[in-house]
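Enquirer: Here is a sequence with its predicted model. Questions after.
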Amino acid sequence: MNPAFETHLQEVHSHYQSGDAFLGLRRLTDCAFETQNPEVFRKTIAFYEWLETYTDVDKQEVLLKVNHLLETIRNAGPKAGHKENAKILSVQKVTKTYLKSGFKIKDLNFELNERQITGLVGENGNGKTTLLRLLAAELKPDNGLINYSFAKDTADTYELKTKLIYIEQRIPRWYGTLMDNLHFVLPYYGIKGEDGHLWADMMIARLGLRPYRHLTWNRISSGYRTRFELAKTLLRKPKILLLDEPLANLDILSQQTILQDLKFMANSITAPFGMILSSQHIYEVEKVSDTIIFIKNGVPQYQTNNTEYATGNVDSNHNELIVELETSATREVLASAFNTIGVTKIQYNGGVFLLHFPATVSIGLLLETMAKNNITPNYFRNISNSSRRFFIN
Amino acid sequence: MLKKFNQKLISNNPLLWNTRVALIIPAALIIHVLFYIAGFLQPIKLTELWVYHYYKMEGVIIFSVLISALMIIGWLTLYLRNNPFKSFYTIGKTYLYYEFLLIFVVFLSTSTFFLTYKQGLYNRIDIVTKDVVLEEDANDINLAMHFMAFDASDFDIRYSCDSLRADYLRDSLELLSKKNMPQDAQDSIAAAMAELEATYQAVDTVEYEKSYLHYCKQYIKFYSGSIHIKHEYELDAIAQRWLLNGRKDSITMQINKFIALCRKYGISNSINAERQVDECFNDKRHTVLNILSSSDAYPADNEKVNIRYSSYFANTYNLTQSIEKVETVRLGFWNAEVLIIILYYSLGMAIILFSFRTTRLKQWFMAIIGIGLLSVLVSLVVLGFHNEEQAIPALLLTIWVVVLFFALRFIYKQGPKTISGIFLNWVFWFIPFVVPLVFVMIYEATDTDCYEAYQQGLPCPPDAPIHTWIGHNWDIINGSNILLVLVLLLVYVGLVRKWQANPEE
């Protein structure tokens, strides 16, 4: 038995036990995907249909069915064994200058492994899309090297691009029903006939698109179009997935769900992939990313596991406590209260105060000071280790 | 069932599904059948055959083109929806090649409805005219025409068979006189020419005499070579014998045969055999005095004042039309030339669409505009050349080679993608012209300069064998070129695949 697979199965069981059927079902589908077994797919889809038909069934009955399905999945096992996270992308000293505007991406250096997610953040017009296009081989670097380790034949760029999927912010229109489009994609990846239908059904189910599967472009919202694009892309078995602002069209709940789902899928045992996604939703991206690249005026700054290894010109004041605070209190009240614990800077931006303190100040002391001075927080966040602090003017 | 079939196709063969050939080709076949039936069901009678001229096809052609255009537009709206190539789906290296072949087949199947109609029409005419023996009818008409004067000039002594033989003899003697020959031979030729000239002068003294003895013509002619009818000299011999021997009964019978044929083909006429025989024998010289009208409304425009118009007529134009129609139908229209035209049209359309499909809209449009500018430029440059028949192909081929060089360079060195896209389109569009233009160049370069030889009083030198071969084998060259283009497409799909994957900038 594959230990990683067993852990995943246990996870599903535990989600259902704790009453989180929504997450449980998604993870159950991920486990079913790992088997790549038509019979498992058939039973999983039958389970979805059963859930849709009997909406008010007893929790125990659901659990019974889940356990039965998990047993089937366990017996089928994953299609391939778990492998270590291989390096799939290495970017060394890459620069790119737009001749017309003079805008320049400077000195890009980073790596991406399978099952790894890199978040790309930065203000508009600072080079996020350019960076993604460079990685998608849509732009040619002026200097440096981008190496894709999964490309067998380096001369066949087309072959490389089939595994290097870039989803632009504006999703191109498609025609016909959502399901037909998925059926159309699969034979190109060797999944034909009945198997293709099963794979499409599974992916539709996994991304919560079952109610919309027979709808066309005009009849679904932009959020579901994004989900559909992801479904189509994931069926193409990417090695690297490059997403430009994938959260732009999604509501707050969907943003979290989709990011979590992408993380789960990237972490697949049988079909792992690496992902780089750009977004303005810093906190959501940070939650799922292993690495963050903050880019300002074309200069990248990197942050891995809350440890920064910055390069370039960005001011990196990470030896301080920085918090975001939304409150009805005025700047004067805040200054008078926090001067006592050594506030170094107070900035006001978009209804939110950004408060800078020496690193020696703890969150506990800060909250205590707020309480003493009757400062009621509507919103409070420690951004000392978040790339959010780079967005401060 | 149709939905099930569609689902099966989409899941098993996305190329066939995406190109919608499973929809368009059966639809095209059904329309072909309908056009064939429409042609075959035309109410054709042998007596009205002269009514069905080629111009009758115009309406059908317009309708056919309209149907083709609608079908192609409808097909394009479906076909252009998905492009796995531009979306970087995993496609095999021959995928695009098969896609091109399918596009080619689509254009081929939707472009020839009017020809199917024509085939139906021809098959119908074939059935209606199955009892017609063209050789017999043509011989009967041609012999009868010796005794019916519809056009006075045909009965002029200058166009008699003897005159024609004399003309031929004079031409031959002239040609011989230009060659280097021994003196005695030259003297004999000069003597023969002098004798001939005297005869010509004698003929001129009986200026403009029109006689039934002078008619020397195949009124009905077949150009195909597969139908053998009596030569004009043979007909002349019979007619002369009948006239000079007073064989009125034979002549009457022949004219009656003509009248019967007019009846058979529904040709209006008021010919009276006995009256016409009298006309032939009105004097010893069988002089033509009355001209028959070839239509009841418009008498023939004859030149002589001393000839009267008869009140008798026969619509000989329509008779010719009927006979020619039978011949045309029997020959059919499916020949190498027609096939090559259809194949080139389909190939051209497929190339244009495929280039649109494989490159970007921007590059494709810019390439079209560029072609226009290039044409103007080539025209201006060619103005400076004397021999434009050779200059145009040479210039075009040179441009193509240069463009090909830069297209390859830019594609392999990842040069500017817009320019390489435009160049790639040009290279691709021009592929079908390369081989024919090479042959045009060879053909023109090996052309014999007869004018110069004539200036020097020399006979035209023989053509170079390659020149003759090219002149006789254009169909083979063009046909082989289509096969070559289809092979070269394999190179193009490799190139465009590489181009597509290249960075934008």
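Expert: Looks like it came in fine. Numbers count the residues shown, from 1 in each chain, chains lettered A, B, ... in the order given.

Enquirer: wait, isn't residue A:133 in contact with residue A:139?
Expert: Yes: taking CB atoms under 8 Å as the definition, residue A:133 is a contact partner of residue A:139 at 4.6 Å. (C-beta placed from N, C-alpha, C; glycine too.)

Enquirer: what about the strand or helix carrying residue A:367, distance to the chain center?
Expert: According to DSSP states H and E, residue A:367 maps onto helix A:363-372. Relative to its parent chain, helix A:363-372 has a centroid offset of 34 Å by CA atoms, centre = their mean, to the nearest Å.

Enquirer: After it, which helix or strand is next?
Expert: strand A:377-382.

Enquirer: which other residues reach that following strand?
Expert: With contact meaning CB atoms under 8 Å, 6 or more residues apart in numbering or on different chains, strand A:377-382 is reached by A:283, A:321-328, A:352, A:363, A:370, A:388.

Enquirer: Show me the residues you listed that map onto helices.
Expert: Counted as lying in helices by DSSP state H, out of the contacts of strand A:377-382, are A:283, A:363, A:370.

Enquirer: gap between the closest residue to chain B within the stretch 201-350 of chain A and residue B:462?
Expert: In the stretch 201-350 of chain A, the residue that lies nearest chain B is residue A:236 (7.0 Å; CB to the nearest CB). Per CB to CB, to the nearest Å, residue A:236 is found 66 Å from residue B:462.

Enquirer: okay, these two: which has more neighbours?
Expert: residue A:236 (18 against 9; other CB atoms under 10 Å in any protein chain shown).

Enquirer: which ones are touching that one?
Expert: So residue A:236 contacts A:162, A:165, A:185, A:188-189, B:89-90 (CB under 8 Å, 6+ apart).

Enquirer: if we can go back for a sec, just curious, which of the contacts of strand A:377-382 is nearest to residue B:161?
Expert: Using CB to CB, residue A:283 is the member of the contacts of strand A:377-382 that sits closest to residue B:161, with 108.0 Å.

Enquirer: The closest one contacts residue A:391, doesn't it?
Expert: No: the criterion here is CB under 8 Å, and residue A:283 misses it with residue A:391 at 11.7 Å.

Enquirer: Mind checking which of the two has more residues around it?
Expert: Neighbours per residue (other CB under 10 Å) separate residue A:283 from residue A:391, with residue A:391 holding more: 17 against 14.

Enquirer: how close does the residue nearest to that one when sequence neighbours are not counted sit to residue A:353?
Expert: When the adjacent residues along the chain are set aside, residue A:391 lies closest to residue A:123, with 6.7 Å between them (CB to CB, 6 or more residues apart in numbering or on different chains). From residue A:123 across to residue A:353, the span is 20 Å (CB to CB).

Enquirer: Mind checking which of these two has more residues around it?
Expert: residue A:353 (20 against 14).

Enquirer: Mind listing what's buried along stretch B:75-86?
Expert: By neighbour count with 16 or more other CB atoms under 10 Å in any protein chain shown, stretch B:75-86 contains the buried residues B:75, B:78-79, B:82, B:84-85.

Enquirer: per-residue pLDDT, the residue of the stretch 251-400 of chain B found nearest chain A?
Expert: Per CB to the nearest CB, residue B:358 is where the stretch 251-400 of chain B lies closest to chain A, at 11.7 Å. We have a pLDDT of 95 for residue B:358.

Enquirer: show me what contacts the closest residue to it other than its chain neighbours?
Expert: Excluding its sequence neighbours, the residue lying closest to residue B:358 (CB to CB, 6+ apart) is residue B:496, at 4.5 Å. Residues counted as contacts of residue B:496 (CB under 8 Å, 6+ apart) are B:96, B:358-359, B:424, B:428.

Enquirer: Now for these: which two are most distant?
Expert: Checking those with CB to CB, the most distant pair is B:96 and B:424, at 13.1 Å.

Enquirer: Compare the two (neighbour count), which wins?
Expert: Taking other CB under 10 Å, residue B:96 and residue B:424 do not tie; residue B:424 has more neighbours (28 against 24).

Enquirer: what's whatever helix or strand that one lives in packed up against?
Expert: Assigning secondary structure by DSSP H and E places residue B:424 in helix B:417-445. Packed against helix B:417-445 by the contact rule (3 or more CB pairs under 8 Å, 6 or more residues apart in numbering or on different chains; DSSP states H and E) you find helix B:336-358, helix B:361-382, helix B:388-412, helix B:465-472, helix B:474-501.

Enquirer: tell me the angle the helix or strand harbouring residue B:58 makes with helix B:336-358.
Expert: Using DSSP H and E, residue B:58 sits within helix B:57-79. Inter-element angle recorded for helix B:57-79 and helix B:336-358: 30 degrees (by axes from the mean of the first three to the mean of the last three CA atoms, to 10 degrees).

Enquirer: May I see the buried residues of helix B:57-79?
Expert: B:57, B:60, B:64, B:67-68, B:71-72, B:75, B:78-79.

Enquirer: nearest to residue B:198, of those residues?
Expert: Nearest member of the buried residues of helix B:57-79 to residue B:198, counting by CB to CB, is residue B:57, at 54.2 Å.

Enquirer: And the pLDDT for the closest one?
Expert: Confidence score, pLDDT, at residue B:57: 83.

Enquirer: give me every residue that touches it.
Expert: B:114, B:117-118 are the contacts of residue B:57 under CB under 8 Å, 6+ apart.

Enquirer: quick one: residue A:28 and residue A:68 touch, right?
Expert: No: counting by CB under 8 Å, residue A:28 sits too far from residue A:68 to count as a contact (11.4 Å).

Enquirer: So between those two, which is more surrounded?
Expert: Per other CB under 10 Å, whichever of residue A:28 and residue A:68 has more neighbours is residue A:28, with 26 against 12.

Enquirer: how about the more buried one, secondary structure?
Expert: Under DSSP: H, G, I helix; E, B strand; the rest coil, the three-state class of residue A:28 is helix.

Enquirer: From the structure, what's the count of residues near the closest residue to it other than its chain neighbours?
Expert: Nearest non-adjacent residue to residue A:28, counting by CB to CB, 6+ apart: residue A:12, 4.7 Å away. Applying other CB under 10 Å, we find 24 residues neighbouring residue A:12.

Enquirer: need the contact list for residue A:12.
Expert: Contacts of residue A:12 (CB under 8 Å, 6+ apart): A:24, A:27-28, A:31, A:66, A:70.

Enquirer: returning to that earlier point: ok, of the buried residues of helix B:57-79, which one's closest to chain A?
Expert: residue B:78 (8.4 Å).

Enquirer: For the closest one, give me its contacts.
Expert: B:20, B:23.

Enquirer: Now whichever residue of the stretch 1-150 of chain A sits closest to chain B: phi and psi?
Expert: Minimum separation of the stretch 1-150 of chain A from chain B (CB to the nearest CB) falls at residue A:140, amounting to 3.9 Å. Main-chain dihedrals, residue A:140, degrees, to the nearest 10: phi -100, psi 120.
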